[in-house]
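Novice: A structural model of the following input is requested.
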Amino acid sequence: MAEFVQVRRFRGPRGSTLHLALAPGRPRQRVPANGGLRVRPGPAHEPDARRLSRRLAREMLVQHEVHRTGFRGATIVVTGAGAVDEPLLLAVAEVLNGYEGRLYTGADMGVTAHDMELLAGMTPYVLNAVSSAFEPHTATAFGVLGAVEAWARGPVAGLRVLVHGTGKVGGVLARELATAGATVLTCDIAPGVADLPGCRPVEDWAEREVDVLVPCSVNDLIDVRLARRLRCGAVIGSAHAVLADEDVTADVLYGRGITYLPAPLVSAGAVMVDSMELYGPEAFRGASPRRVYEFVRNTVRSAVADLTAAALHAGLSPTAALDRVTLPPTGAYCGLRFHRTATAGDDPLPGP
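Specialist: Have a look, this model is predicted:
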């Protein structure tokens, strides 16, 4: 699918570059594109930025298709920016405004909720639950929790889980896992960030014997060499592009009996919130955060269970199944499904 991803470059302030990647989908979809705004620190490396933006847009396309959000894949990767400030956000807003509603964005790595609030004041094409009680990163964490439950085929109590990266998503996830009775190890490069209630911070994480490793940090975290050393039953990827040389590394994990659930399947919480915000705004604004997060949790859990069952039946890894197995249609867009359940007054389904 990578050959369908188009990348356009736009000049930003102070020598920065905005890389916009758009994935039309199969077949070409008449829906807006949607993907995160990611700002990479340090000098620009154009070939690397193009590759990353194409890969992220492809993953976003798969994520939108699997969860039927009503979007096609996109991403904006900014390189060479010293800071996320008003001039940079104005440049992003100019790009978004130029697409006149055919492109939306939300926060990704290197961008804060405050940044998105500022951007929303410059363009109407921001979907990040701005000025609401909802937190897209919390929705993502609940989706990952649902994926872990699907892999465990039940409650997470008693599981040994290592969360690598305890920032916005990983921090929420680690706390929820610990509250649910899992033994949670945490790791983060920032001093003190991994010290969370009910969790045990570790530094030498790579060869810890655990049931589940959840990467919530950087892309290309796991390469072939590391994949051969891991001592876990599953890698449940929250961060996008978490595997270096993805196809080869995924094959190594599969050959060792380690289940790899990729980010397009797992970390869909934020784009589900985007779908709710665009396609069911009244129900979304009137719902409680708990209703939104539990809807995400249960939707991801069901999708993971369906895909892993289909993969097992076809003799494929979940990664391969994402491209080769056709899942039953899920009906209306995710945001419309949420609207129906919310307006019907149904309580979200309980966890397993």
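Novice: CA only for contacts and neighbour counts going forward, please
Specialist: Will do.
Novice: what number of residues lie near R231?
Specialist: 17 (other CA atoms under 10 Å).
Novice: Run a quick check on it versus L213, I expect a contact.
Specialist: No. Proximity of R231 to L213 does not meet the contact threshold set by CA atoms under 8 Å, at 9.0 Å.
Novice: Following element in sequence after the helix or strand bottoming out on mean pLDDT in the chain, please.
Specialist: Ranking every helix and strand in the chain by mean pLDDT, DSSP states H and E puts helix 318-324 at the bottom, with a mean of 84. Going down the chain from helix 318-324, the next helix or strand is helix 334-344, by DSSP states H and E.
Novice: Show me which parts of that next one are buried, residue by residue.
Specialist: Along helix 334-344, these residues count as buried under the neighbour rule (16 or more other CA atoms under 10 Å): 334-339, 342.
Novice: Now do the contacts for the residue nearest to the spatial centre of the chain.
Specialist: Centrality entry for the chain: nearest residue to the mean C-alpha point is S267, 3.4 Å, by CA atoms, centre = their mean. By CA atoms under 8 Å, 6 or more residues apart in numbering, S267 lies in contact with 140-141, 143-144, 237-239.
Novice: likewise G73?
Specialist: When contacts are counted by CA under 8 Å, 6+ apart, G73 is found next to 22-25, 33-35, 57-62, 64.
Novice: Also V172?
Specialist: By CA under 8 Å, 6+ apart, the contact set of V172 is 138, 141, 166.
Novice: S53 too?
Specialist: S53 is in contact with 7, 19-21, 75-77, counting by CA under 8 Å, 6+ apart.
Novice: Out of those, which is nearest to D274?
Specialist: Taking CA to CA as the measure, D274 sits nearest to T75 out of the contacts of S53, at 14.2 Å.
Novice: Show me what that closest one is bridged to.
Specialist: Note on T75: beta-bridge partners by DSSP bridges are A21.
Novice: Burial check on it, number of neighbours?
Specialist: 32.
Novice: which residues touch it?
Specialist: Going by CA under 8 Å, 6+ apart, T75 touches 19-22, 34-38, 53, 56-57, 60, 105.
Novice: Sitting in helices, which of these do you find?
Specialist: Secondary structure from DSSP state H places 53, 56-57, 60 of the contacts of T75 in helices.
Novice: Can you show me the helices along the stretch 201-350 of the chain?
Specialist: Secondary structure of the stretch 201-350 of the chain by DSSP state H, counting those that start in this stretch: the helices cover 224-227, 246-255, 263-266, 269-279, 281-286, 289-314, 318-324, 334-344.
Novice: Dump the C-alpha coordinates for the fourth one into CSV.
Specialist: Read it as helix 269-279. The C-alpha coordinates for helix 269-279 follow below in CSV (Å, rounded to 0.1, in the frame of the first residue of the first chain):
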residue,chain,number,x,y,z
GLY,A,269,-8.6,5.5,20.6
ALA,A,270,-7.7,9.0,19.4
VAL,A,271,-9.1,8.5,15.8
MET,A,272,-12.3,7.0,17.3
VAL,A,273,-12.7,10.2,19.3
ASP,A,274,-12.1,12.1,16.0
SER,A,275,-14.8,10.1,14.3
MET,A,276,-17.2,10.8,17.2
GLU,A,277,-16.4,14.5,17.1
LEU,A,278,-17.0,14.8,13.3
TYR,A,279,-19.9,12.4,12.7
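Novice: now that helix, how far from the centre of its chain.
Specialist: 12 Å (CA atoms, centre = their mean, to the nearest Å).
Novice: do the same with the first one
Specialist: Taking CA atoms, centre = their mean, one finds the center of helix 224-227 at 22 Å from the center of the full chain.
Novice: residues of that helix that come out buried?
Specialist: 224, 227.
Novice: Kindly indicate which of the ones in helices among the contacts of T75 lies nearest V296.
Specialist: The closest of the ones in helices among the contacts of T75 to V296 turns out to be M60 (CA to CA; 16.5 Å).
Novice: That closest one: neighbour count?
Specialist: So M60, with other CA under 10 Å, has 29 neighbours.
Novice: For it, which non-adjacent residue is closest in space?
Specialist: Counting by CA to CA, 6 or more residues apart in numbering, M60 lies nearest to G73, which is 4.6 Å off, once chain neighbours are set aside.
Novice: got a markdown table for the contacts of V172, with secondary structure and neighbour count too?
Specialist: Below are the contacts of V172 laid out as a markdown table (DSSP: H, G, I helix; E, B strand; the rest coil; neighbours: other CA atoms under 10 Å):
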| residue | secondary structure | neighbour count |
| --- | --- | --- |
| T138 | helix | 21 |
| A141 | helix | 30 |
| T166 | coil | 24 |
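Novice: which stretch among the helices of the stretch 201-350 of the chain comes nearest C187?
Specialist: Of the helices of the stretch 201-350 of the chain, nearest to C187 by CA to CA is helix 224-227, at 16.2 Å.
Novice: which other helices and strands contact that closest one?
Specialist: helix 246-255 (3 or more CA pairs under 8 Å, 6 or more residues apart in numbering; DSSP states H and E).
Novice: I'd like the next helix or strand past the helix or strand containing V78.
Specialist: Using DSSP H and E, V78 sits within strand 72-79. Toward the C-terminus, strand 72-79 is succeeded by helix 86-98 as the next helix or strand (DSSP H and E).
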